[in-house]
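Visitor: pasted the sequence and its predicted model underneath.
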Amino acid sequence: MSTSRAVSPPRPFSSPEHEAYVTLQRLATRLRDETEALLKTGGLSVTQFNVLRILRGSGREGLTCGEIGGRLINKDPDVTRLLDRLEKLGLVERARSEHDRRVVLTHLSPEGRALLGRFDAPLAELHRRQFAHLPPERLGALLGLLYEAAAPPTAEEGSPG
């Protein structure tokens, strides 16, 4: 008499959470690759572009190296070197704060602002194409789910047992 049991085919994921994680990683990688290809036409990396957008959003005040690093999407351990490269390219300018000479503030240069502006429409079009298959209500639902998933867990949700 055989003792073999029916065996289910192996599941590719150990849990729905694992499947969600892998699916999000694959999507993020694809979206990033497409964005990198576009930015490469202007000689920029995604991180450099992120710095320029952060500086454009900061207005005329400028930001310290630490403030820029804290706002980066992809953390860079050497923001100073990143800013050095952008300064050599003429895309950012650094100057000591008028209020505290110990503080160095980075500003978007006119050349940096112009380069960033040249990407506004092509990047918006890329994002439209990337999500064109989702009707507006589905895209809104996706955004809601992503914001909900990105929220830190409460003490009750995060506590074991």
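Guide: That came through, no problem. Numbers count the residues shown, from 1 in each chain.

Visitor: burial count for the closest residue to residue 72 other than its chain neighbours?
Guide: Using CB to CB, 6 or more residues apart in numbering and skipping the chain neighbours, the partner closest in space to residue 72 is residue 50 (5.7 Å). For glycine as for every other residue, the C-beta is placed from the backbone atoms N, C-alpha and C. The number of residues packed around residue 50, counting by other CB atoms under 10 Å, is 19.

Visitor: quick one: contacts for residue 50?
Guide: Contacts for residue 50 were tallied using CB atoms under 8 Å, 6 or more residues apart in numbering; they are 72-74.

Visitor: confirm residue 100 sits in a helix?
Guide: No - read with DSSP: H, G, I helix; E, B strand; the rest coil, residue 100 is coil and lies in no helix.

Visitor: and which of the contacts of residue 50 is nearest residue 121?
Guide: Proximity of the contacts of residue 50 to residue 121 (CB to CB) peaks at residue 73, which lies at 21.0 Å.

Visitor: look up how far residue 116 lies from the nearest residue to the closest one once chain neighbours are set aside.
Guide: Excluding the flanking residues, the one nearest residue 73 by CB to CB, 6+ apart is residue 50, at 5.4 Å. The spacing between residue 50 and residue 116, counted by CB to CB, to the nearest Å, is 11 Å.

Visitor: likewise residue 52?
Guide: Counting by CB to CB - residue 52 and residue 116 are separated by 5 Å.

Visitor: so what sits against both of the two?
Guide: residue 108.

Visitor: for this protein, what spans make up the strands?
Guide: Along the chain, the segments classed as strands by DSSP state E run 92-96, 104-108.

Visitor: what residue is smack in the middle of the chain?
Guide: Taking CA atoms, centre = their mean, the centroid of the chain lies closest to residue 73, which sits 3.8 Å from it.
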